[in-house]
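> sequence isn't available, so here's the structure alone:
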């Protein structure tokens, strides 16, 4: 074989090797893109232990009450959660895939799939930690008890407590009209409901401190009675017995509104005092 032939063969082999390497690298890149896309789809759909949130708590504090995400969309992201409704019309609670509205008159309604929300937080609830208790605790004692059950303060948890309550105080607010007032001003005129010797379910979340401005750090809890006739945003309670279920989550997906009210609002830097006042 002539020397020139050998050189040509070596060049062909080398080019072939390079081409194969490029193809393998491209295939690896394609697989990486596919993996990222699949993971994103799972997070958006709630396919993993993921909390889906629409809008941010600071927007709600500043009066961004325009409903944008539908109840049907929320159900695609979770079967458990809380929030509010268009114009801030009452308190939202989702339990077992059913979304309830506790209005300012104290009545509870199942909402249809077209009802919209300006702020909501949902997940597909799966119990990771379970604790049965028979010792009476008020809301502060329960908060401390749950804190002892949490494996870390650096992730987010969905909290469900089903039990018998000797006392409960909740609230709801009426639908607002534009120009919307700030949330702290709305809650000054809130409707308050008191329950004695009732049974039902507490639905909510525990969030780390770093979520401040995005969601409520610590506990944010809503309640619905077992017969689905009463409930609201929890202000205080005493519970006698029941079961605590905790869902640890390692994913968080935030979707922001696109309405003019949200896009045109410059959010305040210091809303900590307003958040505490509005929540309590």
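Sure thing, it's come through. What you are looking at is a predicted structure, and each value in this text was computed from that prediction instead of being measured.
> which residues sit in contact with residue 252?
Under the criterion of Cβ atoms under 8 Å, 6 or more residues apart in numbering, the neighbours of residue 252 are 50, 51, 53, 156. Yep, even glycine has a C-beta here, placed from its N, CA and C like the rest.
> now rank these by neighbours and give me the top one.
Neighbour counts for the contacts of residue 252 were taken using other Cβ atoms under 10 Å; the highest belongs to residue 51, with 27 neighbours.
> so how far is residue 208 from the closest residue to residue 49 other than its chain neighbours?
Nearest residue to residue 49, sequence neighbours excluded (Cβ to Cβ, 6 or more residues apart in numbering): residue 249, at 4.6 Å. Between residue 249 and residue 208 the computed distance is 11 Å (Cβ to Cβ, to the nearest Å).
> more neighbours, those two?
For residue 249 versus residue 208, neighbours defined as other Cβ under 10 Å are more numerous around residue 249 (19 against 15).
> just confirm that one contacts residue 50, I think it does.
Yes. The pair residue 249 and residue 50 qualifies as a contact (Cβ atoms under 8 Å) at a distance of 6.2 Å.
> can you list the weak-confidence ranges in this structure?
Scanning the chain for pLDDT under 70 picks out 1-48, 269-272.
> kindly recompute the last result at 90.
In the predicted model of the chain, residues 1-48, 261, 264-280 satisfy pLDDT under 90.
> is the residue most central in space within it bridged to anything, and to what?
The residue at the geometric middle of the chain, judged as the C-alpha nearest the mean C-alpha position with Cα atoms, centre = their mean, is residue 121 (2.4 Å). According to DSSP bridges, the residues that bridge with residue 121 are residue 53, residue 82.
> so it makes contact with residue 50?
No. Contact status for residue 121 versus residue 50: not in contact, 11.3 Å apart, counting by Cβ under 8 Å.
> got phi/psi on residue 220?
Backbone torsions of residue 220, given as degrees, to the nearest 10, read phi -130, psi 110.
> I figured it hits residue 82, correct?
Yes. Between residue 220 and residue 82 a contact is recorded at 6.9 Å, counting by Cβ under 8 Å.
> more crowded one of those two?
In this comparison of residue 220 against residue 82, neighbours counted by other Cβ under 10 Å, the higher total goes to residue 82 at 24 against 20.
> the more buried one reaches residue 219, doesn't it?
No. At 11.4 Å, residue 82 and residue 219 do not qualify as touching, with contact defined as Cβ under 8 Å.
> which neighbours do the two have in common?
Common neighbours of residue 82 and residue 219, counting by Cβ under 8 Å, 6+ apart, are 204, 205.
> and residue 93, how many neighbours?
Neighbour tally, residue 93, other Cβ under 10 Å: 27.
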